[in-house]
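Enquirer: Got a predicted structure here, sequence first:
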Amino acid sequence: MSQRYFEILAPNEWVSPIVYNSPHSGSFLPIEFIEQSRLSQAALRQSEDCFVDVLFKSCLDNGSPMLSALVSRAYIDLNREPYELDPRMFLENLPGYMNPGSPRVASGLGTIPKLVAEGEGIYRGKINLNDALNRIDAIYRPYHRTLTAMIEEAYTATQFCLLMDCHSMPSSAVRNLKSHHEPQIDIVLGDRFGAACNRELSSEIEKFFAKEGFHVVRNRPYAGGFITETHGSPHHNRHALQIEINRALYMDEVRIEKNKSFADVEAAIARVLKELAMFLPAIEQQTAKRLAAE
């Protein structure tokens, strides 16, 4: 049986226009990649959004599907353009159609990452460009074809779609952002400042999380990545919202294990997703009326 790099988790009946996506929660590390790396498997997994697919799996109970990556983000990052590659990583010169100048490449976190989240170099030396291209052809392109097809299916049914792009963030990423009087940042919602998701819709979702006791901020430090930017078009009733959850809430970040609060966080998110599914028809109507008036 060939290795699966992602999977679709399908509800018993797909009745919701919401599509959930978890592009960074996979943990599979190919043996040839482990042999190329100078890092331990535990170190390679520091970039993963561990357990995020589990935290949002209750979407199935509300009639929504989820696309979930099975392969580790250290091997290939599915929330990038297809060819954000660092020329310093490869034995060969990059073709002209590549994008070596993006900020994500500069930070070592391109489509084929150079570094893990802690800033450590992944590889022992330079790798073959064909290796990268094979990963993109075998994993990246099928993943994005599948995600696009799921979004189109949802949109075709109702002329409305909401993509919930689910991620986690290391606690260190937001530790220094809060003021002395501000509580820990639990959730960051990224709607690209309204360009990817209608601001009213983002506000409603923020309220749902806040009702469960989460401290929520918008667009800092994460405003939404490639997937959110690509699939969000509010003026066409296509919305995309990136959700980042503070890992300290639900896991031991060093041991990569669920902590004692995991079940509580999972249950709280389940209530948020249920409330969103119940409220969405009203949001759809409000959005349709607003667009008709413009």
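Expert: Right, received. Where do you want to start?

Enquirer: all contacts plus neighbour counts: C-alpha atoms, from now on.
Expert: Will do.

Enquirer: Which stretches in the stretch 1-150 of the chain count as strands?
Expert: Listed in chain order, the strands of the stretch 1-150 of the chain (DSSP state E, counting those that start in this stretch) span 6-9, 18-22, 66-69.

Enquirer: Which of those strands sits closest to Glu253?
Expert: With Cα to Cα as the criterion, Glu253 lies closest to strand 18-22 of the strands of the stretch 1-150 of the chain, at 18.4 Å.

Enquirer: Which stretches in the stretch 1-150 of the chain count as helices?
Expert: Remark: helices assigned in the stretch 1-150 of the chain by DSSP state H, counting those that start in this stretch are 31-36, 41-44, 52-55, 103-106, 129-135, 141-158.

Enquirer: cool, the stretch 151-294 of the chain as well?
Expert: 172-175, 199-211, 226-231, 262-293.

Enquirer: returning to that earlier point: let me have the helices of the stretch 1-150 of the chain in JSON lines, extended by distance to Lys274, mean neighbour count and mean pLDDT.
Expert: Putting the helices of the stretch 1-150 of the chain into JSON lines (distance: least, Cα to Cα, whole Å; neighbours: other Cα atoms under 10 Å; pLDDT from 0 to 100) gives the following:
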{"stretch": "helix 31-36", "distance to Lys274": "39", "mean neighbour count": "12", "mean pLDDT": "95"}
{"stretch": "helix 41-44", "distance to Lys274": "34", "mean neighbour count": "16", "mean pLDDT": "93"}
{"stretch": "helix 52-55", "distance to Lys274": "13", "mean neighbour count": "20", "mean pLDDT": "98"}
{"stretch": "helix 103-106", "distance to Lys274": "34", "mean neighbour count": "16", "mean pLDDT": "95"}
{"stretch": "helix 129-135", "distance to Lys274": "36", "mean neighbour count": "14", "mean pLDDT": "97"}
{"stretch": "helix 141-158", "distance to Lys274": "18", "mean neighbour count": "16", "mean pLDDT": "96"}
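
Enquirer: Dump these to TSV, plus distance to Arg88.
Expert: As requested, these are exported to TSV (distance: least, Cα to Cα, whole Å):
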stretch	distance to Arg88
helix 31-36	16
helix 41-44	20
helix 52-55	32
helix 103-106	10
helix 129-135	11
helix 141-158	23
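
Enquirer: closest to Leu177 out of these?
Expert: helix 103-106 (20.8 Å).

Enquirer: which outside residues touch the closest one?
Expert: Helix 103-106 is contacted by residues 84-86, 110, 113 when judged by Cα atoms under 8 Å, 6 or more residues apart in numbering.

Enquirer: who are the neighbours in contact with Arg4?
Expert: By Cα under 8 Å, 6+ apart, the neighbours of Arg4 are Leu70.

Enquirer: go on, Asp61?
Expert: Applying Cα under 8 Å, 6+ apart, we find Asp61 in contact with Pro11.
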